[in-house]
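>>> Using only what follows, build the 3D model:
(one chain, ligands or ions: 1)
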Amino acid sequence: MRRLHALVISQQVHRCNSKSQCHKSGQCSKRYPKPYCEQTYFDGLNVVYRRRHLDNGGNTVLIHSGDRVVRISNADIVPYNIFTLLDLENHHDLEVINSATAIGYILKYEYKGCDKSYIAITKAREGDNTIVDYDEPKAFRLV
Ligand SMILES: [Zn+2]
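Sure, this is the predicted structure:
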């Protein structure tokens, strides 16, 4: 249980501020922090997940964020699957989706392709400290 708690704190907390990518028009576009809720339900558009308030069995934790200490609560936790989190030890967002835009979102990853890197190989001579000046943007233009 301690391992799961540590993984949730390290992998599943949505932290953002006004400079974060998710902030648009002065608020989090992912709608964090989420509202507290006693049980999971469907509101007609989205699934609202159970997030217990501190007064009702919820939890808060102090974490370091840069040079500050921030209090996080269940409202800041991204939905996860216990088994996936324990197995992969990695961030994931497990939510019910029910709109046509979800299809585009899923296909985006299918056609995104694999990660690529460009490297330059040069022949080194003993005692040669030549710095390779590799123009990565130029390499992209050639592809
Ligand atoms: Zn955010």
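
>>> Can you point out the buried residues in the helix ranked longest in the chain?
Across the chain, the longest stretch assigned as helix under DSSP state H is helix 101-112. Buried residues in helix 101-112, defined by neighbour count with 16 or more other C-beta atoms under 10 Å: none. Bear in mind the C-beta positions are built from the backbone N, C-alpha and C, glycine included.

>>> residues in contact with stretch 101-115?
Ile97 (C-beta atoms under 8 Å, 6 or more residues apart in numbering).

>>> How far off centre is that stretch?
When C-alpha coordinates are averaged (C-alpha atoms, centre = their mean, to the nearest Å), stretch 101-115 and its chain have centres 16 Å apart.

>>> how about the residues of this protein near the ion?
16, 22, 28, 30, 32 (C-beta under 5 Å from the ion).

>>> And Lys24, how far from Arg31?
Separation of Lys24 from Arg31 (C-beta to C-beta, to the nearest Å) stands at 11 Å.

>>> no wait, Arg3
From Arg3 to Arg31 the distance is 29 Å (C-beta to C-beta).

>>> which residue ranges form the helices in the chain?
2-11, 82-88, 101-112, 136-142.

>>> lowest-pLDDT helix or strand in this structure?
Counting by mean pLDDT, DSSP states H and E, the chain has its least confident helix or strand at helix 136-142, which shows a mean of 70.

>>> got a list of what the spatially most central residue of the chain touches?
By C-alpha atoms, centre = their mean, the mean C-alpha position of the chain lies nearest to His91, the distance being 5.9 Å. Contacts for His91 (C-beta under 8 Å, 6+ apart) come out as 11-12, 78.

>>> Cool, thanks, talk later.
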